[in-house]
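Visitor: Could you look at this predicted model? Sequence included:
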Amino acid sequence: MCKTPPPKKFAKKARFVPPSNSELYVYFCNLHHVGMALWTLYTIVFGPRPYLLMTVGMYLYSDMYSALLHSVLDDKKALAIPGIAPVAKGFQEHHDFPQETTSGKGLLVLCSDTVRIQWVCAIFSLLIGRRDSTTFALVLLKLLCCAYGTQFGHYYAHNRHLCVGWLKPLSWLQDAHILLPPSHHWNHHKAPYSKNFGIVSGLSNFFLNPVLHPDNYQFYVILTLWTLFTMFDVAVIEQLVPQVAPATSSIFSAVANSTIYSAIEL
């Protein structure tokens, strides 16, 4: 009698185990997000308001910045550099677990992953920059576009199915390449993961792909560029652009003026 051969055993796919943060750090990140929302609202109402060309320019710059950051952290050499190794590990796990590391974590957690580098960028910008209205406008735009913009664009590139109802306009922005199109980003997720590193809108990929191609890519050159941009970009940009008008009023003067006018009316 012929024996039935035993069933073939296939290696189990590794399971993604998301890193956990302490409750204190989660609380700190949530406070940071609330603070950023209040800062943005305050700037819209009272100033100093960045002008349209500056806003568009920083949005386009943020995609290029994200491409440099992404290419560095996707490189195995980054795993040996203290400080950025844990972040690089997370970026490289994303290739093996694309959905688990995006929709599985959620947009809030992904935004919290950027809080530390937001503080690094802001501190260097304020230490080196002029610390005037233009500096503060540029710092706000950098944090909104380079940190929240990367996570927002990347998250919905992996979750286009969520762009329904009141989120439907996000799919139109993706189709217009204002937000990262899913089809464009999918080309990054094909081995050897060597193109389309920009994850805000993806527009910078059209001219950065040749530079970041494995035939031309120099890890330590790109790492140095990313480091310099992180530290000095705001200080350089504020020297090259027209100055932002200072705030014409503040919440304190607005309250004071309201009190004075009320007293006059009485």
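Guide: Done, it's in. Fair warning: this is a prediction, and the values are worked out from it, not measured in the lab. Numbering: from 1, shown residues only.
Visitor: What's the local residue count around residue 45?
Guide: Neighbour count of residue 45, defined by other Cβ atoms under 10 Å: 13. (Each C-beta comes from the backbone N, C-alpha and C, glycine too.)
Visitor: Make 872 the first number, not 1, from now on.
Guide: Sure thing, new numbering starts at 872, so read that last one as residue 916.
Visitor: Dump the host helix or strand of it to PDB, restricted to CA.
Guide: Per DSSP states H and E: residue 916 is located in helix 894-917. Output of helix 894-917 as PDB, limited to C-alpha atoms (Å, rounded to 0.1, in the frame of the first residue of the first chain):
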ATOM      1  CA  GLU A 894       1.900  56.300  28.100                       C
ATOM      2  CA  LEU A 895       3.900  59.400  29.100                       C
ATOM      3  CA  TYR A 896       5.400  59.700  25.500                       C
ATOM      4  CA  VAL A 897       1.900  59.200  24.000                       C
ATOM      5  CA  TYR A 898       0.500  61.900  26.200                       C
ATOM      6  CA  PHE A 899       3.400  64.200  25.200                       C
ATOM      7  CA  CYS A 900       2.800  63.500  21.500                       C
ATOM      8  CA  ASN A 901      -0.900  64.300  21.900                       C
ATOM      9  CA  LEU A 902      -0.100  67.600  23.600                       C
ATOM     10  CA  HIS A 903       2.300  68.400  20.800                       C
ATOM     11  CA  HIS A 904      -0.400  67.800  18.100                       C
ATOM     12  CA  VAL A 905      -2.800  70.000  20.000                       C
ATOM     13  CA  GLY A 906      -0.100  72.700  20.300                       C
ATOM     14  CA  MET A 907       0.600  72.500  16.600                       C
ATOM     15  CA  ALA A 908      -3.200  72.800  15.800                       C
ATOM     16  CA  LEU A 909      -3.400  75.800  18.100                       C
ATOM     17  CA  TRP A 910      -0.300  77.400  16.600                       C
ATOM     18  CA  THR A 911      -1.700  77.000  13.100                       C
ATOM     19  CA  LEU A 912      -5.100  78.400  14.100                       C
ATOM     20  CA  TYR A 913      -3.400  81.400  15.800                       C
ATOM     21  CA  THR A 914      -1.300  82.100  12.800                       C
ATOM     22  CA  ILE A 915      -4.300  82.000  10.400                       C
ATOM     23  CA  VAL A 916      -6.200  84.400  12.700                       C
ATOM     24  CA  PHE A 917      -3.500  86.700  13.900                       C
END
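Visitor: Can you give me every residue that contacts residue 936?
Guide: By Cβ atoms under 8 Å, 6 or more residues apart in numbering, the residues touching residue 936 are 1017, 1097, 1100, 1104.
Visitor: Ramachandran angles for the closest residue in space to residue 1020 that isn't next to it in sequence?
Guide: If the residues on either side of it in the chain are set aside, residue 1020 comes closest to residue 1071, at 4.6 Å by Cβ to Cβ, 6 or more residues apart in numbering. The phi/psi pair for residue 1071 (degrees, to the nearest 10) reads phi -90, psi -60.
Visitor: and residue 1071, what pLDDT?
Guide: Residue 1071 carries a pLDDT score of 98 in this model.
Visitor: ok, it - contacts?
Guide: 930, 933, 934, 937, 1016, 1017, 1020, 1021, 1024, 1050, 1051.
Visitor: surely the last one meets residue 1075?
Guide: No: taking Cβ atoms under 8 Å as the contact criterion, residue 1051 and residue 1075 are not neighbours in contact, 10.9 Å apart.
Visitor: neighbour-wise, which of the two wins?
Guide: Shown here are residue 1051 and residue 1075; by other Cβ under 10 Å, residue 1051 has more neighbours (30 against 22).
Visitor: Could you check how far the more buried one is from residue 968?
Guide: As judged by Cβ to Cβ, to the nearest Å, residue 1051 and residue 968 stand 19 Å apart.
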